[in-house]
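>>> sequence plus predicted model, see below.
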Amino acid sequence: MEFFGNDDDDVHLLTVYHSKTINIFLSVKCHTSTNPFYILCSVDQCTDRLFSLYSTYRRHWYLCHHKNPRQNSPVRENELVDVILNSETDSGENARMLLCARENAAVELQLANEDEELSVSDANVTRLNTPKHLYTAGFLLALKHQHFLSFETLAFVQRNIDKIFEMRVKHLEEKLALLVPSSTKTKPEYQRAIAEIAAPIYLTRHQMERCWAKNFPTTLPMCVSLSSCFPQYHWKRNADGTLKIGHNQDQGYIIPFLKSLQQLLSVKSVYDSTLKSFERIKLNRNTSGVYSDVWDGSYIKTHELFIRLNGVVLGFQFYWDEVEPANPLGSKKGDHKVGVFYWSLMNLPPNSRSSLRSIQLLGVVNSCLLKQHGMIEFLRPVLKDLADLQMGVKLCIRGQEREWFGFLTNCVGDMPASNKMAGFKESVSCAQSPCRMCHIQREQMDLIHHENDCRLRDIASYKNQVKEIEEAENVKDIDELSKAHGINGQSCFSSLAGFDATKAFPSDYMHLADEGFLNLELKLLLRFLIAENRIDLAQFTPPPEIKYDEVMGDGKLSFSASEMSSLSIMIALVLAEYVTCEESPQYANYVLLLRICASLQCYTFTEDQLKLTQLDYMGHHDTRLVIDTNPKMPH
């Protein structure tokens with residue numbers, strides 16, 4: 001071993017040979033105060049490795065050369081050697097020798113303990129890789145995530161399972177004692193087998209976390225800088241009171257999409273469902289007239305990637321919403337609103353897509369930052385992964401490498417969220433074309449009530465309007481065109497091939513129906529029946545109280561979407577005791593609206609049923625125009 005030092009600009013090289021590890025460390029430690037300090041190790045197979053820190057070299061020796069030199073160390077056998085001091089030596093020398101001996105023993109004992117910890121750690125790693133321990137760790141992980149259990153509860157479950165298993169093993173051993181000869185029971189192999197079966201499987205929290213990290217990895221979030229293209233700076237005051245320029249780090253967090261997809265497909269049930277969906281989609285590819293899934297629609301079937309791969313393709317649905325974190329300290333509402341993105345695999349069965357385990361987190365970002373920098377800047381890594389998936393990405397799933405293709409089928413959210421993702425205005429109150437489905441103008445909304453009288457939006461007109469806005473010369477022209485078309489700019493997903501912003505954002509039934517026209521229709525019906533003295537609100541009291549002031553006022557009924565979904569049906573049954581469809585066209589029209597809503601929520605429908613629903617919708621609107629002088633119908 002050689003180590004270098006620099007004292008008063010003189011470089012020294014010292015070569016040391018020691019037969020014991022403890023002497024090596026003491027020799028090196030005496031020179032650690034020299035600056036700069038380097039150690040050159042040439043022991044065994046080392047290729048002249050250079051170290052500048054004593055701790056780094058000590059760690060290297062411990063990992064690479066610790067076995068042979070210290071096998072017969074008296075410290076490892078707890079045989080500490082007493083130091084016999086010569087009375088004739090100087091007291092200072094005696095103290096130095098005593099201190100040196102204590103350091104020798106302390107360092108050697110520490111290395112011995114590290115050896116033991118390393119051997120125990122290696123044994124634990126080997127033990128945790130056995131099938132029964134892997135199954136136990138996976139079982140506990142499933143319990144933790146599915147039922148939100150704490151580590152204390154998991155430990156309680158383990159202990160009781162071990163007790164039950166121990167009782168069953170004892171019972172089995174008693175049964176075997178009657179069947180196995182006495183000579184066999186005394187054999188070491190028999191006793192070893194019984195002991196191995198009866199051995200408890202108990203994992204500590206540290207062992208569980210290590211096993212989960214190695215065998216059940218979690219996809220960690222990735223930080224996304226939102227101010228990389230246009231960095232922002234501000235004045236920052238130092239500790240001494242002076243000012244300096246600071247850099248604003250606007251950040252969001254994205255879960256890597258491809259890694260998350262690979263992890264999801266690694267689940268056996270998901271993988272099998274995906275392969276089965278490929279077969280089902282190929283069988284139904286040429287069928288038409290029956291709709292039970294998003295894959296049955298013409299928008300998906302006409303997608304370039306779907307046609308090229310004959311339906312053997314992954315589909316993804318994105319969802320975005322904003323939430324306000326609760327703060328018991330009472331911060332202002334809206335200051336800390338967070339935008340959260342999710343995605344779902346559309347190859348799963350329809351009854352499994354909306355379950356909590358099927359919805360995957362995509363990203364989290366502050367809503368103010370998202371509004372300031374835009375969705376494209378935040379979703380840039382996701383858009384790149386989606387573009388790569390459209391070209392084909394090789395993923396190793398369950399030990400098999402395969403090229404996977406996929407595309408974004410649709411995006412869901414409430415009306416403001418869908419409008420923002422599609423590039424339309426979030427608030428329709430300031431737009432001349434408020435609908436993202438058609439080109440109806442604001443002044444025509446009270447005159448046009450049928451879909452056939454509206455010109456629907458398409459991708460060609462959408463791109464032309466976006467181009468007009470982007471090519472406007474000044475801010476005033478941009479604002480005028482934006483209000484006229486109801487568009488702020490291109491969709492954040494417009495860069496994806498085959499994506500149609502006018503068809504990929506379906507309407508939100510909960511907000512449009514339950515909190516929209518159903519609320520309005522029920523209010524108008526109750527107001528009419530009260531005015532005709534057909535009913536009295538005091539005569540029936542459903543669980544959500546219907547307030548008279550709300551029925552006769554200008555606002556909406558104060559019911560949530562779930563309450564209105566149930567109340568709208570139950571109130572029709574209650575009102576049937578006071579009025580019939582033949583006596584009241586208002587009540588008959590309300591029942592027709594309930595049939596339309598039931599058709600919109602059915603799981604499977606045919607082309608003929610869709611045409612019948614359209615006729616019901618037209619009949620409802622025509623009746624509303626006749627019975628109400630000032631109809632307020634949804635568009």
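In hand now; what should we look at?
>>> helix or strand for Leu134, which one?
helix 131-147 (DSSP states H and E).
>>> typo on my end, it should be Cys223
Under the criterion of DSSP H and E, Cys223 resides in strand 222-225.
>>> buried sites along that strand?
Val224 (16 or more other CB atoms under 10 Å). In this view, the C-beta of every residue, glycine as well, is placed from N, C-alpha and C.
>>> next: stretch 357-376.
Gln360, Leu362, Gly363, Val364, Val365, Asn366, Ser367, Leu369, Leu370, His373, Met375.
>>> contact partners for the spatially most central residue of the chain?
Closest to where the C-alpha atoms of the chain average out (CA atoms, centre = their mean) is Leu361, at 2.0 Å. By CB atoms under 8 Å, 6 or more residues apart in numbering, the contact set of Leu361 is Ile255, Val340, Phe341, Tyr342.
>>> what pairs with the helix or strand containing it, parallel or antiparallel?
Using DSSP H and E, Leu361 sits within strand 360-366. Partner strands and pairing direction for strand 360-366 (DSSP bridges) are strand 251-254 (antiparallel), strand 338-345 (antiparallel).
>>> then that strand to CSV, C-alphas only?
C-alpha atoms of strand 360-366 as CSV (Å, rounded to 0.1, in the frame of the first residue of the first chain):
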residue,chain,number,x,y,z
GLN,A,360,-53.3,5.1,-13.0
LEU,A,361,-51.8,8.4,-11.8
LEU,A,362,-50.2,10.4,-14.6
GLY,A,363,-49.1,13.7,-13.1
VAL,A,364,-49.7,16.4,-10.5
VAL,A,365,-49.1,20.1,-10.9
ASN,A,366,-50.2,23.4,-9.3
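>>> how far off centre is that strand?
Centroid separation for strand 360-366 versus its chain: 7 Å, with CA atoms, centre = their mean, to the nearest Å.
>>> what's the answer for stretch 445-463, then?
Centroid displacement of stretch 445-463 relative to its chain, using CA atoms, centre = their mean, is 37 Å.
>>> circling back: who are the packing partners of the next helix or strand after the strand holding Leu361?
Later in the chain than strand 360-366, the nearest helix or strand by DSSP H and E is helix 367-373. Contacts defined by 3 or more CB pairs under 8 Å, 6 or more residues apart in numbering; DSSP states H and E place helix 367-373 against strand 251-254, strand 338-345.
>>> need these in JSON lines (columns: distance to Met445, mean neighbour count and mean pLDDT).
Formatted as JSON lines, the helices and strands packed on helix 367-373 follow (distance: least, CB to CB, whole Å; neighbours: other CB atoms under 10 Å; pLDDT from 0 to 100):
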{"stretch": "strand 251-254", "distance to Met445": "38", "mean neighbour count": "18", "mean pLDDT": "92"}
{"stretch": "strand 338-345", "distance to Met445": "30", "mean neighbour count": "20", "mean pLDDT": "95"}
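>>> quick one: closest of those strands to Glu173.
With CB to CB as the criterion, Glu173 lies closest to strand 338-345 of those, at 48.1 Å.
>>> model confidence at the residue nearest to the centre of the chain, what's the number?
At Leu361, the model reports a pLDDT of 94.
>>> what's opposite it in the beta bridge?
Beta-bridge partners of Leu361, as defined by DSSP bridges: Tyr342.
>>> please parse the chain into its domains.
Split into domains by automatic domain parsing, the chain comes to 2-124, 131-215, 247-414, 424-489, 509-627.
>>> and the ones you listed as TSV, adding distance to Ser227?
Below are those laid out as TSV (distance: least, CB to CB, whole Å):
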stretch	distance to Ser227
domain 2-124	37
domain 131-215	33
domain 247-414	4
domain 424-489	20
domain 509-627	34
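>>> what's the closest of these to Met222?
That would be, of those and by CB to CB, domain 247-414, which comes in at 5.1 Å.
>>> figure out how far the closest one is from the centre of its chain.
Relative to its parent chain, domain 247-414 has a centroid offset of 10 Å by CA atoms, centre = their mean.
>>> for stretch 481-498, same thing?
27 Å.
>>> start to end distance for it?
26 Å (CA to CA, to the nearest Å).
>>> try stretch 494-514
Terminal-residue distance, stretch 494-514 (CA to CA): 31 Å.
>>> what of stretch 341-356?
14 Å.
>>> which residues touch it?
By CB under 8 Å, 6+ apart, stretch 341-356 touches 257, 261, 264, 270, 273-274, 277-278, 292-295, 314-320, 358-364, 379, 409, 603.
>>> one more pass at 6 Å, please.
For stretch 341-356, the surrounding residues in contact (CB atoms under 6 Å, 6 or more residues apart in numbering) are 273-274, 277, 293-294, 314-320, 358-360, 362-363, 409.
>>> from these, keep the buried residues only.
Using 16+ other CB under 10 Å, the buried ones in the contacts of stretch 341-356 are 273-274, 277, 293-294, 314-320, 360, 362-363, 409.
>>> can you give the contact residues for stretch 187-204?
Lys132, Thr136, Gln158, Asp162, Val169, Thr184.
>>> which residues touch the last one?
Okay, so that is Thr184. Tyr190.
>>> assign it to helix, strand or coil.
What DSSP: H, G, I helix; E, B strand; the rest coil gives for Thr184 is helix.
>>> what about the helix or strand hosting Leu261, average pLDDT?
Taking DSSP H and E as the criterion, Leu261 maps to helix 257-265. The average pLDDT within helix 257-265 is 93.
>>> after it, next one along is what?
The helix or strand immediately downstream of helix 257-265 is helix 268-283, counting by DSSP H and E.
>>> next, the angle helix 257-265 makes with that following helix.
Angle, helix 268-283 to helix 257-265, by axes from the mean of the first three to the mean of the last three CA atoms, to 10 degrees: 100 degrees.
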